[in-house]
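Engineer: Please find the sequence and the predicted model below.
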Amino acid sequence: MFQVQGFINKITTMGSNSLRLQVDLEKELNPEDNAKIFQLYNKLGWFIFKETEIKEEDLIDLPEEVIEFKEQKSPSLILRNRMFVYYKEKQGKAEGFDEWRKKEMLRLGQKYLDGMEERS
């Protein structure tokens, strides 16, 4: 776990009905903390925000994600990576992947919803 003081500077709504948070740190980090941050890049984790320092008793009952694969990637990240490989092979480029993925996720979600309606 890594803890640093900062503030949420910007909130953006995404096409997938999710949110993107921009967190700005209050001060410059030392090289060790910078290295910790970069090791967390593109990893799935839990985001906790509290206006005071987080103490151990605040962390009771946090859900643990069960890692199914030895490389410790979440199922969501594995799916994203597979979609990227597919997209890059079909399009011949990586540009535009994020927008395509958002549309594809919405399409896939709608397919499941439509399947539920057909069963009713």
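Structural biologist: Yes, it's here.

Engineer: Name the residues linked to Arg20 by a beta bridge.
Structural biologist: Taking DSSP bridges, one obtains Thr12 as the residues bridged to Arg20.

Engineer: what's it in contact with, if anything?
Structural biologist: Contacts for Arg20 (C-beta atoms under 8 Å, 6 or more residues apart in numbering) come out as 11-14. Placement of C-beta: from N, CA and C, glycine included.

Engineer: And Leu44, how far from Phe7?
Structural biologist: 23 Å (C-beta to C-beta, to the nearest Å).

Engineer: Report how many residues lie close to Arg80.
Structural biologist: Close neighbours of Arg80, defined as other C-beta atoms under 10 Å, add up to 17.

Engineer: What is the three-state secondary structure of it?
Structural biologist: Secondary structure state of Arg80, per DSSP: H, G, I helix; E, B strand; the rest coil, is helix.

Engineer: quick one: it and Arg101 touch, right?
Structural biologist: Yes - checked against C-beta atoms under 8 Å, the pair Arg80 and Arg101 is within contact range at 6.9 Å.

Engineer: more neighbours, Leu44 and Phe7?
Structural biologist: Leu44 (14 against 11).

Engineer: and the closest residue to that one other than its chain neighbours, backbone torsions?
Structural biologist: Excluding its sequence neighbours, the residue lying closest to Leu44 (C-beta to C-beta, 6 or more residues apart in numbering) is Ser74, at 4.3 Å. Phi and psi for Ser74, reported as degrees, to the nearest 10, are phi -70, psi 160.

Engineer: For the closest residue in space to Gly6 that isn't next to it in sequence, grab the count of nearby residues.
Structural biologist: Nearest residue to Gly6, sequence neighbours excluded (C-beta to C-beta, 6+ apart): Leu25, at 4.3 Å. Neighbourhood size, Leu25 [other C-beta under 10 Å]: 12.

Engineer: Leu25: what's it in contact with?
Structural biologist: By C-beta under 8 Å, 6+ apart, the residues touching Leu25 are 4-6.

Engineer: For Leu21, state which of those is nearest.
Structural biologist: Taking C-beta to C-beta as the measure, Leu21 lies nearest Gly6 of the contacts of Leu25, at 10.5 Å.

Engineer: Done for today, thanks.
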